[in-house]
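K.L.:
Pasting the sequence and the predicted coordinates here, then a few questions.
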Amino acid sequence: MLRALAAARPGRIALSDNLIEVRDVDYSRGNRSIFRDLDLTIARGNVTAIMGPSGTGKTTLLQLITRQLNPGKGQVIVAGDDISKYSISELYAMRRRMGMLFQNGALLTDMSVFENVAFPLREHTRLGERLIRNVVLMKLHAVGLRGAAYMMPAQLSGGMARRVALARAIVMDPALLIYDEPFVGLDPISMGVIAKLIRQMNDALGITSIVVSHDVKEISEVADYSYVIADGNVAASGRPADLRKESSELVRQFMLGLPDGPVAFHYDAPDYAEQLLGSGTD
């Protein structure tokens, strides 16, 4: 299972302890630089957290790892392969070994819970209906929602919808599970349930997980290793408990939720008095 992503290229065996390596990556949008010489690794079998202030490129990093975007410089290595060299068929094969939990769950609103979870199986496999039924019910049972199989998304609470999305993300038995802001908009109980499931799914399925999150407390309780991304690079990395002891003011501001620090309250703007008393032009 841990080598499953390498199967996109027949006969390839990945020997590294790292499932993903981001090497010396630059990425820009227009004139705005998002990453400069970014280096980080995702260890096999771990839950790795990607944290940092808003707008620092955390979701962009996920898009680079899944090759929705290509870096301007550097390499993204997945299971030993530079994915920029993948053909379209190899790229799709790689993505089928990845599960994704989107920020808002992204359930298909005109399909039942059962059909949402079954959707990847119907699209990517030739399994018979009886086997699809058994797999879907098994995955829903794993997230505690087998009893909600025939409900519609509109009938679900936010936490339930996120758990259904998780069942869909694991239905193809991925080797890598990616969570993009899994705690957004959830009440404390639902946040605790999702955090517990992240840890349980990773360990029970023997997979690797990447979690992008702003929620320091929740993710610190389940992550094996964390990165704080800021100013286009890794501001700090290590075990979650160690990051709170970082000397960097930016990292301490983020980890402790301090209102004052390097991340300013005001966006860059002209002098306030001059703008109010000036000619009226901005």
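P.N.:
Thanks, I have the structure now.

K.L.:
isn't there a strand covering Val135?
P.N.:
No: under DSSP: H, G, I helix; E, B strand; the rest coil, Val135 sits outside any strand and is assigned helix.

K.L.:
can you pull the contacts of it?
P.N.:
By C-beta atoms under 8 Å, 6 or more residues apart in numbering, the contact list for Val135 reads 121, 127, 171. C-beta: built from backbone N, CA, C; applies to glycine.

K.L.:
Okay, it and Arg162: tell me how far apart.
P.N.:
Distance of Val135 to Arg162, given as C-beta to C-beta, to the nearest Å: 20 Å.

K.L.:
now swap in Gly30 and tell me
P.N.:
For Gly30, the distance to Arg162 - C-beta to C-beta - is 33 Å.

K.L.:
re earlier: out of the contacts of Val135, which one sits closest to Val47?
P.N.:
For these, the minimum distance to Val47 (C-beta to C-beta) is 19.9 Å, reached by Val171.

K.L.:
Can you tell me how far that closest one is from Val143?
P.N.:
11 Å.

K.L.:
same question, Val234
P.N.:
32 Å.

K.L.:
Hmm, Gly72 is touching Tyr27, no?
P.N.:
Yes: using C-beta atoms under 8 Å, Gly72 is in contact with Tyr27, at 5.7 Å.

K.L.:
The two: who's more crowded?
P.N.:
Using other C-beta atoms under 10 Å as the criterion, Gly72 and Tyr27 rank with Tyr27 on top: 22 against 13.

K.L.:
Give me the nearest residue to Glu218, chain neighbours excluded.
P.N.:
Ala195 (4.6 Å; C-beta to C-beta, 6 or more residues apart in numbering).

K.L.:
neighbours around that neighbour, how many?
P.N.:
Quick note: Ala195 (other C-beta under 10 Å) scores 23 neighbours.

K.L.:
what separates the helix or strand containing it from the chain centre, distance-wise?
P.N.:
Assessed by DSSP states H and E, Ala195 sits inside helix 188-205. Offset of helix 188-205 from its chain centre (C-alpha atoms, centre = their mean, to the nearest Å): 14 Å.

K.L.:
now stretch 144-155
P.N.:
Mean C-alpha position of stretch 144-155 versus that of the full chain (C-alpha atoms, centre = their mean) differs by 24 Å.

K.L.:
Tell me the buried residues in it?
P.N.:
145-146, 148-149, 153 (16 or more other C-beta atoms under 10 Å).

K.L.:
and if you look at stretch 194-201?
P.N.:
Buried, per 16+ other C-beta under 10 Å, within stretch 194-201: 194-195, 197-198, 201.

K.L.:
Pro240: which of the residues you listed is nearest?
P.N.:
Closest to Pro240, out of all of the buried residues of stretch 194-201 and judged by C-beta to C-beta, is Ala195, at 12.2 Å.

K.L.:
Now do the contacts for that closest one.
P.N.:
Residues in contact with Ala195 (C-beta under 8 Å, 6+ apart) are 183, 218-219, 221-222.

K.L.:
Give me the subset of these lying in helices.
P.N.:
218-219, 221-222 (DSSP state H).
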